[in-house]
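Visitor: sequence unknown, structure follows:
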């Protein structure tokens with residue numbers, strides 16, 4: 001399995017068409033420093049540009065936490081001007097995860113709080129184990145969610161539920177998180193990462209052009225009215241329908257064999 005590092009705190013491991021994007025700052029429970037955010041953005045940019053990548057799993061190398069959010073120790077020493085520059089770097093990191101053009105799965109074990117939970121929300125699917133604790137406690141330290149939480153959480157659980165969670169800043173344990181729809185899959189203890197990788201492998205077995213087109217339709221269309229969303233879907237459908245992937249997919253079905261996807265879609 002190939003591994004490449006992006007700065008000190010981010011690693012990417014490749015296994016075929018699945019990339020595992022690892023937060024690797026376990027002693028600080030993956031607190032999002034300027035350096036970690038830069039590495040995250042750089043890694044995502046490279047994955048997005050690689051047409052051989054069909055699915056990404058975002059996970060932690062540590063057991064205690066997926067990510068506890070912003071590095072408040074670093075922030076404590078920043079001037080207002082430095083804090084403004086720091087914000088630009090952090091936002092680029094969150095945006096890079098959200099903009100991945102292929103399916104992204106978060107594997108959450110332990111704490112996923114504040115910006116950590118926002119990183120998970122930036123993925124398409126969240127897989128968690130019973131140790132997971134999620135939440136957006138930013139108001140308890142004098143800020144608001146700034147990594148997409150005020151926009152992504154209501155799209156996942158509805159406006160009223162998101163308001164309750166953000167305004168109270170409360171932490172939600174795994175069982176309740178699954179019940180509320182804050183996570184999608186709940187595994188046995190220690191099983192989130194393996195389940196996320198297995199799910200990514202199932203996704204990666206499908207049409208590479210289709211995966212990107214489907215994600216584009218889901219993400220772009222969800223913020224539009226129905227008719228505009230259907231136009232987005234039609235454009236994405238045409239991308240796949242007139243591609244070599246459709247020809248191969250239909251042939252494989254009729255010949256009763258697995259498809260042999262040979263195309264690499266443009267990012």
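Guide: It's in. In this text the structure is predicted, and so the values were computed from the model without any measurement.
Visitor: what about residue 128, neighbour count?
Guide: Residue 128 sits with 31 neighbouring residues when counted by other CB atoms under 10 Å. C-betas here are computed from N, CA, C, even on glycine.
Visitor: low-confidence ranges in this structure?
Guide: Along the chain, segments meeting pLDDT under 70 span 1, 263-267.
Visitor: who's in contact with the longest helix seen in it?
Guide: Longest helix in the chain by number of residues (criterion: DSSP state H): helix 80-98. By CB atoms under 8 Å, 6 or more residues apart in numbering, the list of residues contacting helix 80-98 from outside reads 32, 34, 36-38, 40-41, 43-45, 48, 58, 70, 74-75, 78, 104, 115, 118-119, 122-123, 146-148, 152.
Visitor: give me the distance from it to the chain's centre.
Guide: Using CA atoms, centre = their mean, to the nearest Å, we find the averaged C-alpha position of helix 80-98 to lie 17 Å away from the chain's own average C-alpha position.
Visitor: report the buried residues of that helix.
Guide: Taking 16 or more other CB atoms under 10 Å as the basis for neighbour counts, the residues of helix 80-98 that come out buried are 86, 89, 90, 92, 93, 94, 96, 97, 98.
Visitor: could you do stretch 26-37 as well?
Guide: Buried residues in stretch 26-37, counted by 16+ other CB under 10 Å: 28, 29, 30, 31, 32, 33, 34, 35, 36, 37.
Visitor: for residue 110, give its distance to residue 131.
Guide: Distance, residue 110 to residue 131, using CB to CB, to the nearest Å: 5 Å.
Visitor: sorry, back to before: for the buried residues of stretch 26-37, give me JSON lines that also has secondary structure.
Guide: Formatted as JSON lines, the buried residues of stretch 26-37 follow (DSSP: H, G, I helix; E, B strand; the rest coil):
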{"residue": "28", "secondary structure": "helix"}
{"residue": "29", "secondary structure": "coil"}
{"residue": "30", "secondary structure": "coil"}
{"residue": "31", "secondary structure": "coil"}
{"residue": "32", "secondary structure": "strand"}
{"residue": "33", "secondary structure": "coil"}
{"residue": "34", "secondary structure": "helix"}
{"residue": "35", "secondary structure": "helix"}
{"residue": "36", "secondary structure": "helix"}
{"residue": "37", "secondary structure": "helix"}
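Visitor: before we move on, back to that, just the buried ones from the contacts of helix 80-98, in ChimeraX syntax?
Guide: Buried residues within the contacts of helix 80-98, as defined by 16+ other CB under 10 Å, are selected in ChimeraX through the command that follows:
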select :32,34,36,37,38,40,41,43,44,45,48,58,70,74,75,104,115,118,119,122,123,146,147,148,152
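Visitor: next one: the helix or strand containing residue 127 to chain centre, how far?
Guide: Assigned by DSSP states H and E, residue 127 belongs to strand 125-128. Taking the mean C-alpha point of strand 125-128 and that of its whole chain, the gap between them comes to 9 Å (CA atoms, centre = their mean).
Visitor: mind listing what's buried in that strand?
Guide: Going by 16+ other CB under 10 Å, strand 125-128 has these buried residues: 125, 126, 127, 128.
Visitor: beta-bridge partners for residue 58, please?
Guide: Using DSSP bridges, the bridge partners assigned to residue 58 are residue 21, residue 106.
Visitor: pretty sure it sits against residue 103.
Guide: No - under the criterion of CB atoms under 8 Å, residue 58 is not in contact with residue 103, lying 11.2 Å apart.
Visitor: hang on, the earlier thing: with neighbour numbers in mind, choose between residue 110 and residue 131.
Guide: Neighbours per residue, other CB under 10 Å: of residue 110 and residue 131, the larger number sits with residue 110, 22 against 18.
Visitor: picking that back up, who does whatever helix or strand comes next after the strand holding residue 127 pair with, and is each partner parallel or antiparallel?
Guide: Tracing the chain past strand 125-128, the next element assigned as helix or strand by DSSP H and E is strand 133-135. Paired strands of strand 133-135, with direction, are strand 111-113 (parallel), strand 172-173 (antiparallel) (DSSP bridges).
Visitor: what packs against the strand holding residue 127?
Guide: If you count contacts as 3 or more CB pairs under 8 Å, 6 or more residues apart in numbering; DSSP states H and E, strand 125-128 packs onto strand 104-108, helix 174-180, strand 185-186, helix 192-204.
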